[in-house]
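A.B. asks: I would like to see how this sequence folds:
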Amino acid sequence: MEYDVPAVTTSIRIMKLLSRHRHKSCSLKEISDLTQVNKTSCLRILRTLEREDFVKYDSQRKEYSLGPYLIALGNRALELNPMVTAAAAELAAISSEVGLTTVLIRRISQDRAIYLASEHPPGNHPTISISIGQHIPLAGVSFGWCFLAYDSEEDWQHFTDPGLVPYTPDTIVDPSVFAATLRTIRQAGYTVSHGSLTPGLSAVAAPIFNLGGHVELVVACLAMTSELDSAYEARVIKTLTASTQRLSALHGFSIHPTGDQSSDFEDYGR
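C.D. replies: I've put the predicted structure just below:
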């Protein structure tokens, strides 16, 4: 049986809302409307969160935003999560090796993920700016597909039945192509997208599995599509998959002699 504490659930929904760039500062009415919580209850929760520094209130603009205590809390959470810590530490080595901005992504809901960390390559390599905490639609880009590929195929219908969102002219919107892409990821252990979420931007991505064989995190290398020729892409894939395979093994993901996961894992980097 699942237990739900309404005030806690609402508090979480409010903080998740304020973590999104387009809702980073909201009035009481906006928060109430977007979370579908009545204004009186919403105000009580906001005042409690404000007292604990989880949100801050701008009295001139009459808007709420995330509070400073969450910075320390987030850093502490990173320190206490060994899987995230190990993966974040690996980003610099990957970025330096391939000369690309490298990011760490975690799934936060059925259809969204967020950037947890990023590293830019040293020297004069071009960099791509991303915002830590920014939300990403899973169905729109390669690093989202790395999570979806290991869901059940019935779960894919959550995206295909209402119609896949065309973020750019290069977004996959054909359900059969989308399903085929996800099946290929299961076999290859990585994937590449070109301009599917942002025009002119490519991403090479690979999953990190936890002890239970579930995708815990995804690492992706970001590049301008124009600079990523086939030879460069192959080098990025080799470096990235070697790293994610090592991180998966470090945290207990083992190769079994039988079963789908073993064949997926053995195909890493091919």
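A.B. asks: Which strand residues bridge Val103?
C.D. replies: Ser118, Ala220 (DSSP bridges).
A.B. asks: and what of the one 10 residues further on?
C.D. replies: With DSSP bridges applied, Ala113 shows beta-bridge pairing to Arg107, Ile136.
A.B. asks: Surely it touches His135?
C.D. replies: Yes: using CB atoms under 8 Å, Ala113 is in contact with His135, at 7.3 Å. Every C-beta, even on glycine, is put in place using the N, C-alpha and C of the backbone.
A.B. asks: These two: who's more crowded?
C.D. replies: A direct count of neighbours by other CB atoms under 10 Å for Ala113 and His135 places Ala113 higher, at 22 against 17.
A.B. asks: And the more buried one, how close does it get to Val218?
C.D. replies: 8 Å (CB to CB, to the nearest Å).
A.B. asks: How many residues are close by the residue lying closest to Ser19 once chain neighbours are set aside?
C.D. replies: Distances taken as CB to CB, 6 or more residues apart in numbering place Gly133 nearest to Ser19, at 5.4 Å, with adjacent residues excluded. Neighbour count of Gly133, defined by other CB under 10 Å: 15.
A.B. asks: three-state assignment of Gly133?
C.D. replies: coil (DSSP: H, G, I helix; E, B strand; the rest coil).
A.B. asks: got a list of what it touches?
C.D. replies: 19, 114-115 (CB atoms under 8 Å, 6 or more residues apart in numbering).
A.B. asks: give me that answer again for 10 Å
C.D. replies: 19-21, 24, 66, 70, 74, 114-116 (CB atoms under 10 Å, 6 or more residues apart in numbering).
A.B. asks: Can you verify Ala89 is assigned to a helix?
C.D. replies: Yes: counting by three-state DSSP, Ala89 is located in a helix.
A.B. asks: ok, back up a step: sitting in strands, which of the contacts of Gly133 do you find?
C.D. replies: When strands are assigned by DSSP state E, the members of those inside them are 66, 114-116.
A.B. asks: Let's verify Ala206: helix, strand, or coil?
C.D. replies: strand.
A.B. asks: Surely it and Phe147 touch.
C.D. replies: No: counting by CB atoms under 10 Å, Phe147 is not a contact partner of Ala206; they are 11.6 Å apart.
A.B. asks: Between those two, point out the one with more neighbours.
C.D. replies: The neighbour count for Ala206 versus Phe147, taken as other CB under 10 Å, is higher for Ala206 (29 against 24).
A.B. asks: Okay, and the beta partners of that one?
C.D. replies: Here Ala206, judged by DSSP bridges, has bridge partners Val219.
A.B. asks: For it, give its distance to Thr127.
C.D. replies: Distance from Ala206 to Thr127, by CB to CB: 21 Å.
A.B. asks: same deal with Ile31?
C.D. replies: 34 Å.
A.B. asks: the more surrounded of the two?
C.D. replies: Ile31 (24 against 15).
A.B. asks: Next, count neighbours for Arg186.
C.D. replies: 14.
A.B. asks: Give the buried residues for stretch 208-217.
C.D. replies: 208-209, 213, 215-217 (16 or more other CB atoms under 10 Å).
A.B. asks: likewise stretch 49-56?
C.D. replies: For stretch 49-56, using 16+ other CB under 10 Å, the buried residues are 49, 54-56.
A.B. asks: ok, now stretch 89-103?
C.D. replies: Here stretch 89-103 shows 90-91, 94-103 as buried, counting by 16+ other CB under 10 Å.
A.B. asks: what do you get for stretch 63-76?
C.D. replies: 63-64, 66-67, 70.
A.B. asks: so for it, what's the average pLDDT?
C.D. replies: Within the predicted structure, the mean pLDDT of stretch 63-76 is 86.
A.B. asks: What of stretch 230-246?
C.D. replies: 96.
A.B. asks: list the buried ones in it?
C.D. replies: Buried residues in stretch 230-246 (16+ other CB under 10 Å): 233, 236-241, 243-245.
A.B. asks: likewise stretch 72-88?
C.D. replies: 81, 83-84, 87-88.
A.B. asks: Out of those residues, which comes closest to Gly140?
C.D. replies: Ala87 (22.1 Å; CB to CB).
A.B. asks: and Ala231, that's in a helix?
C.D. replies: Yes: Ala231 sits within a helix when classified using three-state DSSP.
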